[in-house]
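**Q** Quick one, fold the following:
(one chain, ligands or ions: 1)
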Amino acid sequence: MLRDAGCSREVVEHCKTVTKLALKIAGKCNANIELVEAGALLHDIGRSRTHGVMHGVEGAKIGRKFGLPDEIVNIIERHLGGGISKEEATKIGLPEKDYTPVTLEEKIVCHADNLIAHNRKQTLSEAVKPYVKNDRDDIAEKIRKLHRELSEKCGVDLDEI
Ligand SMILES: [Fe+2]
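**A** Okay, the predicted model is just below:
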């Protein structure tokens, strides 16, 4: 599906790496493994159209066109950073909507993506560094919160897996 949508080889490889980590996390906290796998593989399908902040919204559109279930479409749409509030979405030009990850599976894919830089696992502090540098402590804090919540659910700090 990624290739059919027109994703580059780099995006396909990134999606596979995120999926490996997402499945590791999912296995430790009783998440729906099949849903995490599908959502993680497809989370960046919108990068076939844009690499900008709209790639979540575009990806969700593609997912709906392909007839994917809402659970997967929502994973795609809510995977950016630590999630984007309705207010923030309006400010940055996204359709007015809350893009905060809600379900466990949405949170896992969102945060597995935060912990993968291209194809390499990075620590939480590496993941938040660019946001802190750009004075976006609000985003860094959302990512830290996701990390804490999922680490607690898994019974292990996600920096250690
Ligand atoms: Fe993405």
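**Q** CA only for contacts and neighbour counts going forward, please
**A** OK.
**Q** The closest residue to Glu37 other than its chain neighbours and Glu87, how far apart?
**A** Nearest non-adjacent residue to Glu37, counting by C-alpha to C-alpha, 6 or more residues apart in numbering: Thr19, 6.0 Å away. From Thr19 over to Glu87 the distance is 30 Å, taken as C-alpha to C-alpha, to the nearest Å.
**Q** again with Asn134
**A** Counting by C-alpha to C-alpha, the gap from Asn134 to Glu87 is 19 Å.
**Q** ok, those two, which is more surrounded?
**A** It is Glu87, of Asn134 and Glu87, that has more neighbours when counted by other C-alpha atoms under 10 Å, with 12 against 8.
**Q** list the contacts for that one?
**A** Listed by C-alpha atoms under 8 Å, 6 or more residues apart in numbering, the contact partners of Glu87 are Glu96, Asp98.
**Q** so which helix or strand takes in it?
**A** Glu87 belongs to helix 86-91 when elements are defined using DSSP states H and E.
**Q** Equivalent analysis for Glu71, please.
**A** Glu71 belongs to helix 70-77, assigned by DSSP H and E.
**Q** Is Arg56 in contact with Gly83, as I believe?
**A** Actually, residue 56 is Gly rather than Arg. No. Judged on C-alpha atoms under 8 Å, Gly56 makes no contact with Gly83 at a distance of 10.6 Å.
**Q** Neighbour count: the two, which is higher?
**A** Between Gly56 and Gly83, Gly56 has the larger neighbour count (other C-alpha under 10 Å), namely 27 against 24.
**Q** Let me see the contact set for the more buried one.
**A** His43, Asp44, Gly46, Ile76, Glu77, Arg78, His79, Leu80.
**Q** and with 6 Å instead?
**A** Counting by C-alpha atoms under 6 Å, 6 or more residues apart in numbering, Gly56 makes contact with Gly46, Ile76, Glu77.
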